[in-house]
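**Student:** fold the following for me, if possible:
(4 chains)
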There are 2 protein chains.
Amino acid sequence: MAVERDIFGEVKQIFTAYLENRGLRKTPERFAILEEIYSKDGHFDVDSLYISMKNKNYRVSRATVYNSLDLLMECDLVSKHQFGQNLAQYEKSYGFKQHDHLICTDCHKVVEFCDPRIQNIQTTVGDLLKFKVLHHSLILYAACKDNNCQNKKS
Amino acid sequence: MAVERDIFGEVKQIFTAYLENRGLRKTPERFAILEEIYSKDGHFDVDSLYISMKNKNYRVSRATVYNSLDLLMECDLVSKHQFGQNLAQYEKSYGFKQHDHLICTDCHKVVEFCDPRIQNIQTTVGDLLKFKVLHHSLILYAACKDNNCQNKKS
DNA sequence: CTCGGTGCAAAGCTTTTGCATCCGC
DNA sequence: GCGGATGCAAAAGCTTTGCACCGAG
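**Tutor:** So this is what the prediction gives:
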């Protein structure tokens, strides 16, 4: 039987190392936020994260949530998406398969997909333009072919 | 000698047809905004468009600018980008080569590039997920290899 | 003990909305 | 003349900032 991977343990270690390297403090709030994020599935926005911590009677402020998310993004434990609306969406990003997003133009549902060819594009374009590509964001905007969509127009 | 293409004439025709089909009014403001956009190069945000029209003593409101941009996006004459910051960037999109963007993580400069393979990805993923992909947004985040960047860290 | 980090609330900015007026059709 | 569109300003919504206090190192 395969050994169960302790994702949260690994993530905590990475974050700790990051904070130490940068000479930042290992505050309980920062780890509580990290834990909350890795206990969730799918995308979330700042306010839903803040609210869910408040609901657990954890004393945090939005400012700290924003601050911690910035740190977590810098060490690639969390990624941020701007899905067109003016509300940033976040997502845990360690230990999960790299993926991109397709958004339904009818109901705004977000579907994840993987396509390894994006890596090739990244490499080619980076070489061509003399840039070292660190990460990317690919969003496909698409309409349901079959009428699964509730918000389907006409 | 090749005939000079009248991009703005074509664009105006497309917009007119769109407004007529949808039963919308062909107001002078809408066409003035379209003209202003097609006289500009590169990316712009709502406020810079609004300000530049104000500077020409044109009487418009931000509300109308937002409204018109929505219409122009619907008929694919303008595209909208969310480059990570919380300020939407727009760009004229008719008669110009389809392209994507690379953003320098040091100085936030935006570089355009073309890669036809993105079309293949769009097609494959669309077929796989049973969606009709209408358009996409690909952003590469990258660091300058050579030190062209003024904001280069360390 | 220091000073980075936090909570709280206020301020900042972009975008949306309400309403009286205007004008395309 | 009707009803959609506009201008203006106020409101809304997300994010940042200022400041006093707290607590990690």
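
**Student:** which residues of chain A lie near chain B?
**Tutor:** Within chain A, the positions lying close to chain B (Cβ under 8 Å from any Cβ of the partner chain) are A:80, A:82-84, A:86, A:88, A:102, A:104-105, A:111, A:113, A:115, A:117-118, A:120-122, A:124-126, A:128-146. Backbone N, C-alpha and C define where each C-beta goes, glycine included.

**Student:** ok, now with 7 Å
**Tutor:** Chain A comes close to chain B at residues A:82, A:84, A:86, A:102, A:105, A:111, A:113, A:115, A:117-118, A:121-122, A:124-126, A:129-146, as judged by Cβ under 7 Å from any Cβ of the partner chain.

**Student:** are any of these buried, and which?
**Tutor:** Using 16 or more other Cβ atoms under 10 Å in any protein chain shown as the burial test, those include A:82, A:84, A:102, A:105, A:113, A:115, A:118, A:121-122, A:125-126, A:129, A:131, A:133, A:136-144 as buried.

**Student:** how close does A:Asn67 sit to B:Tyr141?
**Tutor:** As judged by Cβ to Cβ, to the nearest Å, A:Asn67 and B:Tyr141 stand 21 Å apart.

**Student:** look up the closest residue to A:Glu36, ignoring the ones flanking it.
**Tutor:** Leaving aside its sequence neighbours, A:Glu36 sits nearest to A:Met53 (Cβ to Cβ, 6 or more residues apart in numbering or on different chains; 5.6 Å).

**Student:** burial count for the one you found?
**Tutor:** Residue neighbour count, defined by other Cβ atoms under 10 Å in any protein chain shown, stands at 19 for A:Met53.

**Student:** what about it, is that helix, strand or coil?
**Tutor:** helix (DSSP: H, G, I helix; E, B strand; the rest coil).

**Student:** that one and DNA strand C: what is the separation?
**Tutor:** 9 Å (Cβ to the nearest atom of the strand, to the nearest Å).

**Student:** what's next to stretch A:124-135, contact-wise?
**Tutor:** For stretch A:124-135, contacts defined as Cβ atoms under 7 Å, 6 or more residues apart in numbering or on different chains pick out A:122, B:102, B:105, B:111, B:113, B:115, B:140-146.

**Student:** pipe the residues you listed into a markdown table and attach secondary structure and distance to B:Phe44 per row.
**Tutor:** Listed next are the contacts of stretch A:124-135 as a markdown table, based on DSSP: H, G, I helix; E, B strand; the rest coil; distance: Cβ to Cβ, whole Å:
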| residue | secondary structure | distance to B:Phe44 |
| --- | --- | --- |
| A:Gln122 | helix | 27 |
| B:Leu102 | strand | 19 |
| B:Thr105 | coil | 22 |
| B:Val111 | strand | 17 |
| B:Phe113 | strand | 20 |
| B:Asp115 | coil | 24 |
| B:Leu140 | strand | 21 |
| B:Tyr141 | strand | 21 |
| B:Ala142 | strand | 23 |
| B:Ala143 | strand | 26 |
| B:Cys144 | strand | 24 |
| B:Lys145 | coil | 29 |
| B:Asp146 | coil | 29 |
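
**Student:** farthest-separated two in those?
**Tutor:** Farthest pair in these (Cβ to Cβ) is B:Asp115 and B:Asp146. Separation: 21.6 Å.

**Student:** so how far is DNA strand C from the residue nearest the centre of chain A?
**Tutor:** Centroid-nearest residue in chain A: A:Glu91, 2.2 Å away (criterion: Cα atoms, centre = their mean). Using Cβ to the nearest atom of the strand, A:Glu91 is found at 21 Å from DNA strand C.
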